[in-house]
Structure formats: structure tokens, C-alpha cells
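In: fold the following.
(4 chains)
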Number of protein chains: 4
Amino acid sequence: MYKVAIIGASGYTGGELLRMLLNHPEVEITDITSRKYDGTPAHKIHPHIRDSELEFKNKSPSELDADVVFTATPHGASMKIVPELLDAGMKVVDLSGDYRYRDTEVYEKWYGMEHTDKDNKGAFGLPELYRDEIKKAKLVANPGCFPTGAILSSYPLVKNNLVDRIVIDSKTGVSGAGINPSSTTHYPNIADNVNPYKISSHRHMSEIQQELHGFDDVKVSFTPHLVPVNRGLQTTSHSFLIDDITVEELREFYEKEYGDEYFIKLMDEGEIPHLSSVRGSNFVHIGGFEIDETGRIVMLSVIDNLVKGASGQAIQNMNILLGLDESTGLTHFGLHP
Amino acid sequence: MYKVAIIGASGYTGGELLRMLLNHPEVEITDITSRKYDGTPAHKIHPHIRDSELEFKNKSPSELDADVVFTATPHGASMKIVPELLDAGMKVVDLSGDYRYRDTEVYEKWYGMEHTDKDNKGAFGLPELYRDEIKKAKLVANPGCFPTGAILSSYPLVKNNLVDRIVIDSKTGVSGAGINPSSTTHYPNIADNVNPYKISSHRHMSEIQQELHGFDDVKVSFTPHLVPVNRGLQTTSHSFLIDDITVEELREFYEKEYGDEYFIKLMDEGEIPHLSSVRGSNFVHIGGFEIDETGRIVMLSVIDNLVKGASGQAIQNMNILLGLDESTGLTHFGLHP
Amino acid sequence: MYKVAIIGASGYTGGELLRMLLNHPEVEITDITSRKYDGTPAHKIHPHIRDSELEFKNKSPSELDADVVFTATPHGASMKIVPELLDAGMKVVDLSGDYRYRDTEVYEKWYGMEHTDKDNKGAFGLPELYRDEIKKAKLVANPGCFPTGAILSSYPLVKNNLVDRIVIDSKTGVSGAGINPSSTTHYPNIADNVNPYKISSHRHMSEIQQELHGFDDVKVSFTPHLVPVNRGLQTTSHSFLIDDITVEELREFYEKEYGDEYFIKLMDEGEIPHLSSVRGSNFVHIGGFEIDETGRIVMLSVIDNLVKGASGQAIQNMNILLGLDESTGLTHFGLHP
Amino acid sequence: MYKVAIIGASGYTGGELLRMLLNHPEVEITDITSRKYDGTPAHKIHPHIRDSELEFKNKSPSELDADVVFTATPHGASMKIVPELLDAGMKVVDLSGDYRYRDTEVYEKWYGMEHTDKDNKGAFGLPELYRDEIKKAKLVANPGCFPTGAILSSYPLVKNNLVDRIVIDSKTGVSGAGINPSSTTHYPNIADNVNPYKISSHRHMSEIQQELHGFDDVKVSFTPHLVPVNRGLQTTSHSFLIDDITVEELREFYEKEYGDEYFIKLMDEGEIPHLSSVRGSNFVHIGGFEIDETGRIVMLSVIDNLVKGASGQAIQNMNILLGLDESTGLTHFGLHP
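Out: Residues are numbered from 1 along each chain as shown, chains lettered A, B, ... in the order given. A predicted model of the protein is given here:
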């Protein structure tokens, strides 16, 4: 059994890591840390995790005994912790934004703070694109939820130079806002409502742009919306063709790219991806495959923002780091309905 | 008191007409018709409409006694009924798609049926754009819900020749699908879900295109999504600038166009339009007013799909037809929260 | 036009008072007060209230100029303010719990604080039971939301000595918890969930008991549940018959009690009261009228917790205080669906 | 690997059996049957079950090759199928009501049809009460969802002769109504609503009564409510003490009864059971443990209606029938949030 630890385990991504790792056949959890909840049993914060004998501890990174550590810490906090973990010989999957950028200046611009650990470089933890880099890495920067849904739904379009502009219109469940209550997540403000936010300036746009217009000069825009959904992230990608292609050709580009991917399922013709199909699971459903008379491609994707958009993908990365089968402990289908 | 009647009063738009007309100070309802529910009291179908003494009757158009008749009938049915009403000297507000198109060929293409009443032309019942035509009309074609939200949010952009492409990404409440249950509206398929549908081919696209690229050669695309909301229609409009403008200039175009409109409220800077602010009301909230670094304008609007998107706008049109103040009976603010 | 003012207008009940009073034909709002939001326009807090020219002011009670003042203040705060208002000759409708108890010792036990204004006695503001007292009052204690739903659904049972035990099992919308976010109202904790709370010790139990076992020695219990609903309060009342009666006799007791009440609608046989039928309205729908083989009566009621359960009933009380028709400004039916 | 088959696999309970059995380490699914969907791949009906190579077949019972067969068929249909399966030597877990009654006259009264297979007797498939009978059985009658939640929350009260009356007030998610749309499950009728139904005459009452007043003369009543929840069944049990006991004694009765049960978790003091804690899982959370001044005990329980209330419990029963560890394939915690 490999040993794993979770730093900052009291949030939703921490809870999800616990839920999935406790059913993972090849790992045991040695520590879960929290400054605030030192000494508190796990189920007091995560009411579904019963009788686990796990308790939050206020431990420093160097006190941990683990093969892989998940840092489920806020951006800014991770870069203070990760160097110490790496120095101690532990591998790290970081769930914050701190190590996602090839160019730390882009990070500094969008996150509004100085990057204090420019030396350690993370592999971008989207295994479907960067599997080989991840295998060799000591540090994996787990992508954001919006970027995961957006990049996977549009990557074949830019890789094959099909479009010159992409508009990502995303709708996310409220768990993406985290475990702490605020006016934004107050039930009467969310229920029966649709709330766009940071409509031209969400920081995940920079992460999406990094991945989608590396190939060519594609204009990438992004607008997120909060919808009355617990979990789940639906992405509608509107892209504009440079040259005409057929719907059949469009589908082939996706099949070629994703046909062998365990976690990506391409929908049949006429099938709409449903959030419920991936709820609680690490799968990605991609559909759409339509082109309208103005030359617009419409692609759709769904993920669970806390699983493939966070903790599930982190475990997928851990499996790769440990040399395990990538799907170990992640084989459950979604919770539909 | 003016007399009004409702043909096809057993659906949601019929229920909304009843709710609002029963509190309208200048009209009385003489008849509500339904073939299926002949003899049934109104509250058996619309459980909120109590003690109204109204009963559905299976009456033919010529049996009605009304100054204005609302035809809350499906497309295809309206064009069979409207000519008889007009011949009998009654004015008509039609809530179907039958009379919305200047070019009946467009109608025939998108609705897949022959138009059998090409002689009667309806004024397009969006008072904020066509108030003068409506005043003179005998027949008003009440717009669809998606077009109302989309056109109002983007009209100043095309009128002032600012953009060459518009992508309308709309999120609608489920009441828009009507009172009859189906797999699409089955609670477990909607709750905690986001369902895009007819992603490149919804027939409301043709109505939006008619209104938005009359001015110039603008490419207009449209994708609707069903979200877990009862009432309400949120529209995010992504448009691409021909020439650079500032955010201040952008706002001015909207203020100039809508500054005097009773039912349109422009949001302050930083204010996001909320569905709850217009729930149950005839108001439209328009916000956004942002431009990103790729030259994309983001505009947002919200309406209640059953009110400004259907029955409220129909009453607004009736008020104009009867020479009443346009806001009579429609002055309530939305039901927030 | 009568003048009215609202003290503590920045919460949900304040917003509802504004929404309804702005459409009330016989009153004008002279002041809305808030210590926290002094100088802020109303729509910044209540986004649906547009262009009202109302602004929160930090005014003291004696500075107000009003025929009736609504104190939408927390318990404990009202009893500090009300004496000054009454001394200044203004009539008061208090929405807190401070004046609801005939016996202030009961108040002090359940609210855990000393009552500092034992001299002023409020009429219990449930017009269907206490209309004559309210007419003569200067101070009306507007009932709680749970008590309104519970008392109205069960009052005929105790008045006619039919039962010896009543269990009130209530399900409330989240707006009842107020405008301030907390872990309790965090969307992911409410959505797709049912949360019982204070299952044997909610303070509204004492208010229900005061009204329901004044007539005789009836044991009254109460358990509230938070359900994923914005507005609305559904009450299921389980009562146990002392002597057998028929369902027809049961219904007659209710018809005799409520047959002439404008705001109470008794459901037909087989009709279930729906929250949507009263959403946003001041109506109460009462149904059930069943007796099972164990001698249990099941009665059901629905109200909008913010309207008949708070601000609408407050306006109903204001109408009585001002000698207006009790339904003035409150005639709209609910927002179904 | 043991072989299992599912008859009537196209509903929600069929989908849940597939989801869980496909991750069960000791069984393989040999057949899924459906008359209506003969030849259709599983994912066309259950969109989350991808690449399973399973296809619905219109097979007769005798064509199946299985150690255990799940009959996920409607009541009335099961009793036509089960005898043939038993005769062919297969063990059966029946998810309908057909074999749940010790006295088939009770069945005939509540289900309104003749019982045509009175000879085969099922063990009542609530392992926490009937583990030994199930071990020896060839046919297990899987309990209803409401009875599972109700019986488990109140059983220690009747077993220990503490109460003389129990009122079960249950709130269920909409998936309990099945996969077929109806007016009852139409999104606008459920969302933002609470719908009591069959308030004194739901047939599950008879099943609850069978189990809860076998011990003594206890009056058992039951009222179900549909709430805007996808999955989950929350039960509030109001019971009336014969003699006074303390809260500590009350808790001890539950700890004695359930302390060693893998799937039952007793909440700490002050902890409220949450539907999300058991969502998608086979666990039961039981809390409450309060007694009010009128001698009423309040107990609370939550289950996932499709898992512990149906398919999960069926697999638990299958594990017992096959001599496997009872929790095999059912160890996942709930999907919170």
C-alpha cells in the first residue's frame, strides 16, 4: 500500500479526496491536515465520512509520511508548502493555481501576487494531454475545473487548426465556490436563478488560453455562470471555422484524439451530455458536433467539477505518479438520476 | 371596462393572462376557451386562480364578445382562428409564431408547415422597437421568449453597426416547455442538470435573425439551454466588435435606446441582472457592458419567460391596442427572492 | 394617502413590504430606515425595487412621519423602539416576536432575554382570529410564519374540542432564514436535501401552543424542516380525535370557521394545496380533510412565509388599523408555476 | 464470479443495479431484460452506463443463466415470473411488493389485486432485522423505500415497548416516482414546492404497520411528501411514550440494536442526518434522539431511496444469499455535497 496525505483537507476537494481514496485499493491515508480543525474527527466536517478513524492534525509538511501528498490549499498557500515537500522527497499533486502556468508572469498578473517559487515547475495535470510529462514529474499542477471542461471540449479544434475564435460559455454548480458560505452561495440567491460572474475577466480564462492558443493565433474568450446545481460543470463551446468542414470530419478529429481515453466518452449523434451521467465520477462526456449556417461549431462537455474538475483528476494524476493503472479507484459511473 | 377573451386558456400562458388580467383595472374577462376542458372551472387547471367564476368553454371564435382576443394557441392553430376574429372586428394578440415573420417563407421553412393566412400581417409585438406599428395594428404577433431576451439585449449593437457576429447563449426555465409533462421536463432529468438542446437549429433563431440582421450583414447564432429554474430566461450575448469602442460608449448606446423605456432597467456598473428581480413581472433587466481583450462584448439580460416573454408582453400590447397607458396592470416588481 | 414607514427595511421582510406597498393604492412610503445602509438606494439591497427614489436612512423613531410604522427589526430590538413610536402617536405593526405573548414570562423563557416593555400589549395579528382586537389596537404583534400556517390549519379542531394532541410537521423555504448567509443556508447544504432543525425546541412552538391550547388541554408538538424551496411554508398537521367524526363533519367545521374569509381558500376534495398557488400572495390554502383508521386527522396548509407569514399579513393588519378594506393591495393570486 | 441477471432493467432501480453491480468484484451480469427495449444498448436508456456491452433482451425467465435474479418488475408482474425462476433453481431478489406480506390478504386489500402465488414465501429483505431468515431463503422480498426508512428509525421503540403511537412523516425525492414522466413529476410542479400525497392511505403504510406493530398494539400512521430532491428519503418519526424515559436511555436502545450494523450510523448528539451524506450509498443515518415536554420522541433517518431503499439493499440481500460479505461492492460513502 502506498501512503498518501492531504494538506488542507477540510474543504470540498478534501472531502472528495477522502471519499475516493478510502475506496482506493492501493493506498492508505496517513494524514489529513487542517490548522483550524486540529484534533477534530473527519466526520464532523465531512458528515458522510463515518468511522474512518481519521482526524485533522495541524502538522507541518515535513512531519508527513507519504509517497504522494495532495495540497488542497488556496493559491498563494501552496507555493509556500510545496518546496518543503519536494525537498523531503515526496511527490506532490497541487490543487491550487500556483504551478499551472508555464509563464509565472501570467500567474502574477491574474492572481495578483508575486510567485515565490519560480524554480519548481509542475507538469500540467491533464493526463489526456500531458500523460508523458506527468509520468516523469515530481510535482503535478492539477488544472482548474473550468479549464478541464473547456480545454477537453475544444482541444482537437485548435490542434487541427480548424478555428480562429472560441467562446467558452460555462455553467457551474455551486460546490465550485467552496465550503464557506457567502452572499454568492446563499440559497435564495442561487435557487431558481442563473448568475453570470466575472463575465470577461475570470482568472481561469488565462489557463484556458494557455492551453488552447499555444498552437496558433486563436482568440479565446470565457464567461462562467453559476447555476442551481450542486455539482457539475457544463461547457458550451462556440467556435468559428476557418475553412468549411463537415460534421463527419469534425467528429473524426475527436475520435482520433480521444478514442482510446478511458475517462472520455464521445456521445452518439443526437445524444446530449448530462451532468447526472458524470455526477460523482471522473468521466467526461463530450457531445455537440454541430455546425450552423454561420460557420459556428457547437461543442458540449460535462464533468463533475469536484471530481474530474478537481479531486478525481488529482487521484488520476496520483495513479500515474505511482505507476498504477490510471483508472484505479475511479471506475464508478456517474450517479444518474 | 374593455372586454377581453382568451382562446386556449388552459396552458401556462393562459394561466398567466388570467393572473394578471384579473388584477387589471380596465378590463374584464368575458370568456376563456378550451376544447378539452369545456365546463371545467378555471381553478381545476390553474390552482391559484380561485373563486374567479371563470369556466373553460368550448366556444368558436365568432361566439366571443371581446374588444381584444388573446390566442394562446399552438402555431398552426392560430392561423386557422385569427382571420375569423379579425373579420368579426375584434383585435387580436397572437402568442404563437404564426404571424411573427415578415417573410412567410421563413416561417414555412422553420415551422415545417404551409402558412394558410398570408394576407393578414401582424405587427411584431415588441413595443420597445415597434410601438408605432402596434398602435395602428389590428393584429399583434407577440414575440417568442428567447427572441424577446435576445433582441432586447443586442438591438443597440446592430442598430449602431458595432458588431459583425453575435452568439446568443440562453438559459431558460422549464415553464417555457409548457404545461404538458414529457421526458424532457421530468424532474430527475432537469434538477441538478443543464440541458442544451437544438444547439444549432432552434426555430427561435430565425426570429432573432429577422430582427437583428435587418440592419446589416451580421452573423447571428443561438444556442438554448434548459436549466433547473421554474421561470426566467437569462441571455448572455457574445458579440464581436468591428471597430474598438470604450465601455462608456457602449453603455451610452443602450442608455440612448432604452433610457425612457418603462419596462427596461439598465444595471449599474458591476450589477448582475438576476432572474428573481423580474420573476412574475414584465420588467427586463439588462447588464454586462463589458469588452474583453479579444474585442468581444458581453451583454446580459433577464426576463420572466412567461411574462415579458409571453403573457405580460401580450397585455402590454393589449394596453397599446386599447389606447391605455402601456404599464396598466403591469406595475409590480419581481418576486425577489 | 396614508403615510407609512419601515424600520429595519434591509432584510427580506423589508423588501417584501416595499414590493407590496409600492403598489398599494392608499399609502405612500415616507421612510425606510437602516443603520448599516444609511444613504444607500433601495435597489442596491433589493435589486428588484428599481427607480423608487427610496433610500435607506439612519433615522431614529421620533424622526419618522407616519400613520403606521412597520418594525421589521429582530426580537429584542423591537421592544426598544416601539414605546417611542406609540408615544409619538404612531400605530405600529411589529414583525418581531416581542409582543406576541399574552404572558411575557413565556416570552422570556423561549427568547432567553428580559422583556423591557411589559406595559404595551399587542393585539395578536392574525386577523382571521382577532380581527376585532386589531381594529381597536395601536400595536399589532404580527405572528411568526410557522404559527400562521400551523394555527390556521388546526384552529377549528381545538375550538370545537375535537382532538387531544396535535403534531405540527412543517417544511419551510429558505428565505425564512433571512437575507444573511450562513452555513445553514449555503446552497450545497440545502439543495437536494431536507434538514430538520430544533426538532423539539423551536421557539415558534410556544406561539403555536399559546393559540392552540387556550381552548382546552391539548398537547401540541412542533418540528420544522428546511426544504430546498425559496419561499413557501407547507404544514402537515397530525391530530388525534377524542371522539369519532366523519370527514364531512370535519369539513363543515372548517367551512363554518373560514367560509367568509377572503384570504383563506379551502381545497376541494382530492385537491392538494400547492406552494406555487400562494407564492408571492397573501392567500392561505387549506386542504387535507382526511381521517385514517387510527383516528388521526391530517390537515394541510400552505402560505408564502414572507407574505401571509410576514409582510403581507403585516399589510393586512395595517389595512385594518387604517380602516381600509382588508384586501387592499393584496388581491394578486400566487405565482404558479 | 457469480452470475446475476436483471429482469425489467430499464427503470431507475435497474439503472442503479447496473451501476453498482458493474463495480462489484464477485459477480458478472449475464442478462438484462426488457420487453420494450429489446436489442437496445444499455446506455441509450441509462446514459451513464457507457461501454458496458450490455444490451436489453426480451428473454423469458427460463432462458436466463444466473445464480441470482433481480426482478425489478412492477407489483403484479413479479408474481407471474418468480415461480418459474425458483423452479429453475435460481435465487430471486424481488423489488416489487408482491412477496412482502406475511398475510396475502393484506396485500390483496392494499394492492387491489388477487395474489396468484401464495405458496412461495419471501424473506422480508431488511437484513438488519431478518438476516438469518434471508440466509436460508431462496426468495427475498426487498422492502419498499418508505418502509426501510420508517422501520429502521422506529423499530427499537416498538421492540422495547416504549410507545403506543407512531406518526411517520416522510419526505421523498422524485426518483422514487420512477423513470416515466407524469404531471406529478413535471418539473414546474415539483420545484420550489412540497407535495403531500395519499396522506392517509399510501400502501406502504401497511408494510410499515406489519413490521412495527407486530410486537404490540401500536397505532402506526404514515404521510408521504414529494419534495424537490432527486434522490433521498428523509423520515421524521413522531412517537408517544407510554412511560417516561430519558434521552440517554433512548439512545442506548438504538446503540444496542444497531451498534454493530455496518450500514447504520447513529448520529452524535446535535448532529442532523443529511440526505447528501447517504446519496448514492447504502448507508442509513439515524439521529434525533429528542423527547419534548408532551412525551413525544422525535427520531430522524435518511436513506437514498434508490440504494438502501431499493437496489443497494437488493445487492446487500444478494451478498447474503451468495454467502459473501454483506458489504461487498457497497462500501462507498455518500456523495456529499
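In: where does residue A:131 land in three-state SS?
Out: helix (DSSP: H, G, I helix; E, B strand; the rest coil).
In: can you tell me the closest non-neighbouring residue to it?
Out: residue A:320 (6.7 Å; C-beta to C-beta, 6 or more residues apart in numbering or on different chains). Every C-beta, even on glycine, is put in place using the N, C-alpha and C of the backbone.
In: so residue A:298 sits in a strand?
Out: Yes: checked against three-state DSSP, residue A:298 lies within a strand.
In: residue A:301 is in what secondary structure piece?
Out: Assigned by DSSP states H and E, residue A:301 falls within strand A:296-303.
In: just checking, next helix/strand downstream of that strand?
Out: Immediately after strand A:296-303, counting by DSSP H and E, sits helix A:312-321.
In: so residue A:269: helix, strand or coil?
Out: Strictly by three-state DSSP, residue A:269 counts as coil.
In: report the contact partners of the closest residue to it other than its chain neighbours.
Out: Closest residue to residue A:269 apart from its sequence neighbours, by C-beta to C-beta, 6+ apart: residue A:289 at 7.3 Å. Applying C-beta atoms under 8 Å, 6 or more residues apart in numbering or on different chains to residue A:289 gives the contacts A:247, A:250, A:251, A:254, A:267, A:269, A:299.
In: so for the closest residue to chain C within the stretch 1-150 of chain A, what's the pLDDT?
Out: Closest approach between the stretch 1-150 of chain A and chain C, counting by C-beta to the nearest C-beta: residue A:12, at 7.8 Å. Listed pLDDT for residue A:12 reads 98.
In: what do you get for the one 10 residues further on?
Out: Turning to residue A:22, the model gives it a pLDDT of 97.
In: number of nearby residues for it?
Out: Applying other C-beta atoms under 10 Å in any protein chain shown, we find 18 residues neighbouring residue A:22.
In: got the contact list for the residue lying closest to it once chain neighbours are set aside?
Out: Distances taken as C-beta to C-beta, 6+ apart place residue A:52 nearest to residue A:22, at 6.3 Å, with adjacent residues excluded. Taking C-beta under 8 Å, 6+ apart, we find residue A:52 in contact with A:18, A:22, A:42, A:43.
In: which of those tops the neighbour count?
Out: That'd be residue A:42 among the contacts of residue A:52, by other C-beta under 10 Å, with 26 neighbours.
In: what's near enough to touch that residue?
Out: Counted by C-beta under 8 Å, 6+ apart, residue A:42 has contacts A:9, A:18, A:32, A:49, A:52, A:54, A:55, A:56.
In: mark which of these are buried, thanks.
Out: For the contacts of residue A:42, a burial check counting by 16 or more other C-beta atoms under 10 Å in any protein chain shown picks out A:9, A:18, A:32, A:49, A:54, A:55, A:56.
In: dump those into TSV; add distance to chain B as well.
Out: Putting the buried ones among the contacts of residue A:42 into TSV (distance: C-beta to the nearest C-beta, whole Å) gives the following:
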residue	distance to chain B
A:9	25
A:18	22
A:32	28
A:49	22
A:54	28
A:55	32
A:56	29
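In: which ones among those map onto helices?
Out: residue A:18 (DSSP state H).
In: from the buried ones among the contacts of residue A:42, list the ones also adjacent to chain D.
Out: Among the buried ones among the contacts of residue A:42, the ones lying near chain D by C-beta under 8 Å from any C-beta of the partner chain are residue A:49.
In: which positions within stretch A:312-323 qualify as buried?
Out: For stretch A:312-323, a neighbour-count test (16+ other C-beta under 10 Å) marks A:312, A:313, A:314, A:315, A:316, A:317, A:318, A:319, A:320, A:321, A:322 as buried.
In: now do stretch A:88-107
Out: A:90-101, A:104, A:106-107.
In: so the nearest residue to residue A:181 once chain neighbours are set aside versus chain B, what's the distance?
Out: Nearest residue to residue A:181, sequence neighbours excluded (C-beta to C-beta, 6+ apart): residue C:186, at 4.1 Å. For residue C:186, the distance to chain B equals 15 Å [C-beta to the nearest C-beta, to the nearest Å].
In: ok, residue C:186 - contacts?
Out: A:179, A:180, A:181, A:185, A:186, A:187.
In: pull out the buried residues from those residues.
Out: Among these, the ones that count as buried (16+ other C-beta under 10 Å) are A:179, A:181, A:185, A:186, A:187.
In: let's have those residues in TSV, adding secondary structure and pLDDT.
Out: What follows is the buried ones among the contacts of residue C:186, written out as TSV (DSSP: H, G, I helix; E, B strand; the rest coil; pLDDT from 0 to 100):
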residue	secondary structure	pLDDT
A:179	coil	97
A:181	coil	98
A:185	helix	98
A:186	strand	98
A:187	helix	98
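In: quick one: distance of the helix or strand of chain A with the lowest mean pLDDT to the chain centre.
Out: Lowest mean confidence among the helices and strands of chain A (mean pLDDT, DSSP states H and E): helix A:204-212, at a mean of 94. Helix A:204-212 has its C-alpha centroid displaced from the chain centroid by 13 Å (C-alpha atoms, centre = their mean, to the nearest Å).
In: and stretch A:55-75, how far apart are its ends?
Out: Taking C-alpha to C-alpha, to the nearest Å as the measure, stretch A:55-75 stretches 24 Å from start to finish.
In: and what of stretch A:216-236?
Out: Stretch A:216-236: ends 21 Å apart by C-alpha to C-alpha.
In: what does stretch A:41-61 give?
Out: Stretch A:41-61 has an end-to-end distance of 20 Å (C-alpha to C-alpha).
In: got the contact list for residue A:149?
Out: Applying C-beta under 8 Å, 6+ apart, the residues near residue A:149 are A:170, A:233, A:234, A:235, A:284, A:301, A:302, A:303, A:309.
In: which one of the residues you listed sits in the busiest neighbourhood?
Out: Going by other C-beta under 10 Å, residue A:303 tops those with 34 neighbours.
In: right, I'll call it a day here.
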